[in-house]
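Asks: Give me coordinates for this.
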Amino acid sequence: MNTSAKKQIIPELLAAVLWGILTLWTDRLFFRYDWRTTAFFVYKALFVLLAFLLVHGIVTLVKKLRAKDRFVWRWLQWTLPYLAVNLIVLLIVWPGCWGNDDLNVLSLARTLQMDAWQHFLTSSAFILSLMFVPIPGGVVLIQNLLISAAVGCFAATAQDLTEKRLVRPAVPAAAGADAQPESIPDDMVMLVRAFSGFHAGGLLPARHQADPG
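Replies: Modelled structure (predicted):
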């Protein structure tokens, strides 16, 4: 690890620790736990770790935006509209739609307990989410943020892969006579042959045709 990376990580880690200390007060908005339990120290350690990853991620994101990273900008273009729609819906149904199981997990999360009928990751996710945003709706809010980020990542990656697959933009039907067959990828040609049941003959360049020898 180089010196510049160390200089970046130290303040990020310090910010995460300070955030963890701050939660000792903000937790009072929701939690009713006993700090003298093992669960308290485990969840606080996990919170500091997640807070560090979040701070590091934000700092890295800002750097990439300043550097005009193409993928990051594309990720934002997909993520923000999707997130905006989800936030509008969440605002309408605030604090979200809760089932009986969710309410049981939420109730036990106040005292850092796990619901025996649910996976331990469910209770852990609820508890850690509530440490970040100590109100019941905070669980749903963080879910929306994570889902939107994931959708944006998948969409941006799919767009990148699509652009790499296509040598050039699709040609309108009206300009079909002027289209260059060299722009058709090999795998696309194989799909055409498989589904159409015939060889595309003279419409394809020599590189797509079988060797007569």
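
Asks: Next, count neighbours for L46.
Replies: 15 (other C-beta atoms under 10 Å). Just so you know, the C-beta spots here come from the backbone N, C-alpha and C atoms, and that holds for glycine as well.

Asks: Looking at it now. What's its pLDDT?
Replies: With respect to pLDDT, L46 has a value of 97.

Asks: Skipping adjacent residues, who's closest to it in space?
Replies: L128 (6.1 Å; C-beta to C-beta, 6 or more residues apart in numbering).

Asks: Please enumerate the helices of the protein.
Replies: 3-26, 38-66, 70-93, 100-109, 120-132, 136-165, 186-196 (DSSP state H).

Asks: Which residue lies nearest the spatial centre of the chain?
Replies: A150 (2.2 Å; C-alpha atoms, centre = their mean).

Asks: okay, it: pLDDT?
Replies: 97.

Asks: In this protein, where is pLDDT below threshold?
Replies: For the chain, applying pLDDT under 70 flags the ranges 1-4, 167-213.

Asks: close enough to count as contact, L29 and G138?
Replies: No - in this structure, L29 is not within contact of G138 by C-beta atoms under 8 Å, at 9.7 Å.

Asks: ok so, going back, now, of the helices of the chain, which is deepest in the fold?
Replies: Among the helices of the chain, the stretch with the highest mean neighbour count (mean count of other C-beta atoms under 10 Å) is helix 120-132, at a mean of 19.

Asks: Specify the angle between it and helix 100-109 in degrees.
Replies: Angle of helix 120-132 versus helix 100-109, following axes from the mean of the first three to the mean of the last three C-alpha atoms, to 10 degrees, is 60 degrees.

Asks: How far away from the center of its chain is helix 120-132?
Replies: Chain-centre distance of helix 120-132: 18 Å, with C-alpha atoms, centre = their mean, to the nearest Å.

Asks: could you say what helices and strands it packs with?
Replies: helix 38-66, helix 100-109, helix 136-165 (3 or more C-beta pairs under 8 Å, 6 or more residues apart in numbering; DSSP states H and E).

Asks: what's the angle from that helix to helix 136-165?
Replies: Using the same axes, to 10 degrees, helix 120-132 lies at 110 degrees relative to helix 136-165.

Asks: neighbouring contacts of helix 120-132?
Replies: Contacts to helix 120-132, defined as C-beta atoms under 8 Å, 6 or more residues apart in numbering, come from residues 23, 26-27, 30-31, 43, 46-47, 50-51, 105-106, 108-109, 112-115, 136, 138-139, 142-143.

Asks: rerun at 6 Å
Replies: 23, 30, 43, 47, 105, 109, 114-115, 138-139, 142 (C-beta atoms under 6 Å, 6 or more residues apart in numbering).

Asks: before we move on, what about stretch 151-160?
Replies: 71, 74-75, 78-79, 82.
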